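A.B. asks: predicted model follows, preceded by the sequence.
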Amino acid sequence: MESNGVQQSLETIHPTVLLLYTVVMLCFTMFVMQPVYVAISLVSGCIVHGTLKGFRRTGARLSWQIPLICMIALFNALITQLGTTVLVSAGPIRITLESLCYGITMGCALVAVMLWLEIGATLVREDALMEVFGKRFPTLTTMLTVVLQLVPQLCRRFRLAVGLSDACSASHAHHPSRKRTQVLAGGILLSWSLEDSLERSDAMRARGWGIADTRSSYHNWRFTDRDAVCIAVVIIFGILNAICAVAAVGPWEFYPVMPQLRLWWGYVPYLILCLFPLIPVAIDAYAWRDVRNG
């Protein structure tokens, strides 16, 4: 997280709350294919992502995600000729409004899922996963945390090995091909990873991993009454939004004719659920402002 205030506000919340919220949001974003719901997921995802990681990073993501939406919309409009409202007709090719809107909705849903996955990875970090699942599923949790740590680490080391090979003046004489440089970097990365795996296994053995069936662990978070209230709010809003989503998606069809979109109160609870992480941030910011002014 970029902002220290945002980080401190969300780090006080128990990881169970953040994990439950992430799962609920991903379910709504992936499975509710209705234009208004998709638009709310995308816009609120941009706001939450910008608040957590900085709006400059969000703009950098959107710089290639918006063209992706356009490509998906155009591709769907060209291959799917369903619908009754013809926009362009050139010989056998017929682009309809319904197919174009369906492609835009699909593209926006894909981008929204990407944003919320990154938001979830920011909210629920490796230590948070260990806190939630470490005692119940120690082996699975350890595997997941190691994978989450190794994937970016291996990518950084591969780029480092390729950069060092390119910087070496003698490397171009012996390995003029880019593929050979990458193969050489892959060999370096493999030996580096094997050495790290031996050190990691020795460290785990020295700490007594696998000796006992159950292990005591230090809890970084304490489940408080505020966390219980947050879980209750997420569950209540999740159930309410599930009912509203079924009511909104049921009569909605893209083909052959799209129904007219209307203002509806059922969209408001979903907007509140999407912006839920900003509520503790806003409360803490308001409290700090009162302290400074007082």
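C.D. replies: Okay, I see it. Numbers count the residues shown, from 1 in each chain.

A.B. asks: confirm residue 89 sits in a strand?
C.D. replies: Yes: assessed with DSSP: H, G, I helix; E, B strand; the rest coil, residue 89 lies in a strand.

A.B. asks: if we look at the helix or strand where residue 234 lies, which residues are touching it?
C.D. replies: Using DSSP states H and E, residue 234 sits within helix 225-249. Contact partners of helix 225-249, identified using CB atoms under 8 Å, 6 or more residues apart in numbering, comprise 13-14, 16-17, 20-21, 24, 28, 32-34, 36-37, 264, 266-267, 269-270, 272-273, 276. Where you see a C-beta, it was placed from the backbone N, CA and C, and this is true even at glycine.

A.B. asks: which other helices and strands contact the helix or strand just after it?
C.D. replies: Under the assignment DSSP H and E, the closest C-terminal helix or strand after helix 225-249 is helix 267-274. For helix 267-274, the packing partners by 3 or more CB pairs under 8 Å, 6 or more residues apart in numbering; DSSP states H and E come out as helix 15-31, helix 35-53, helix 225-249.

A.B. asks: okay, the angle between the longest one and helix 35-53?
C.D. replies: Between helix 225-249 and helix 35-53, the angle formed by their directions is 150 degrees, by axes from the mean of the first three to the mean of the last three CA atoms, to 10 degrees.

A.B. asks: report the buried residues of helix 225-249.
C.D. replies: 227, 230-231, 233-234, 237-238, 241, 244-245, 248 (16 or more other CB atoms under 10 Å).

A.B. asks: do the same with stretch 265-274
C.D. replies: Neighbour counts over stretch 265-274 (16+ other CB under 10 Å) mark 267, 269-270, 273-274 as buried.

A.B. asks: just give me the closest of those to residue 160.
C.D. replies: The nearest member of the buried residues of stretch 265-274 to residue 160, counting by CB to CB, is residue 274 at 38.3 Å.

A.B. asks: which residues touch the closest residue to that closest one other than its chain neighbours?
C.D. replies: With sequence-adjacent residues excluded and distances taken as CB to CB, 6 or more residues apart in numbering, residue 274 is closest to residue 44, at 3.5 Å. Neighbouring residues of residue 44 by CB under 8 Å, 6+ apart: 271, 274-275.

A.B. asks: tell me which element residue 95 is part of?
C.D. replies: Residue 95 belongs to strand 93-96 when elements are defined using DSSP H and E.

A.B. asks: and the angle for the following helix or strand past that strand with helix 267-274?
C.D. replies: Next helix or strand after strand 93-96 toward the C-terminus (DSSP H and E): helix 97-123. Per the same axes, to 10 degrees, the angle that helix 97-123 makes with helix 267-274 is 30 degrees.

A.B. asks: got the CA positions of the helix or strand following helix 97-123 in PDB?
C.D. replies: Sequence-wise, the next helix or strand downstream of helix 97-123 (DSSP H and E) is helix 126-133. Taking Å, rounded to 0.1, in the frame of the first residue of the first chain, the C-alpha atoms of helix 126-133 are listed here in PDB:
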ATOM      1  CA  GLU A 126       1.000 -13.800   3.000                       C
ATOM      2  CA  ASP A 127       1.100 -13.200   6.800                       C
ATOM      3  CA  ALA A 128      -2.700 -12.700   6.800                       C
ATOM      4  CA  LEU A 129      -3.200 -16.100   5.100                       C
ATOM      5  CA  MET A 130      -0.900 -17.700   7.700                       C
ATOM      6  CA  GLU A 131      -3.000 -16.000  10.400                       C
ATOM      7  CA  VAL A 132      -6.300 -17.400   9.000                       C
ATOM      8  CA  PHE A 133      -5.400 -20.800   7.700                       C
END
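
A.B. asks: tilt between helix 126-133 and helix 15-31?
C.D. replies: Interaxial angle of helix 126-133 relative to helix 15-31 (the same axes, to 10 degrees): 100 degrees.

A.B. asks: show me what helix 126-133 is packed up against.
C.D. replies: helix 15-31, helix 138-167.

A.B. asks: for residue 262, give me phi and psi.
C.D. replies: phi -130, psi 160 (degrees, to the nearest 10).

A.B. asks: what is the burial count for it?
C.D. replies: Residue neighbour count, defined by other CB atoms under 10 Å, stands at 6 for residue 262.
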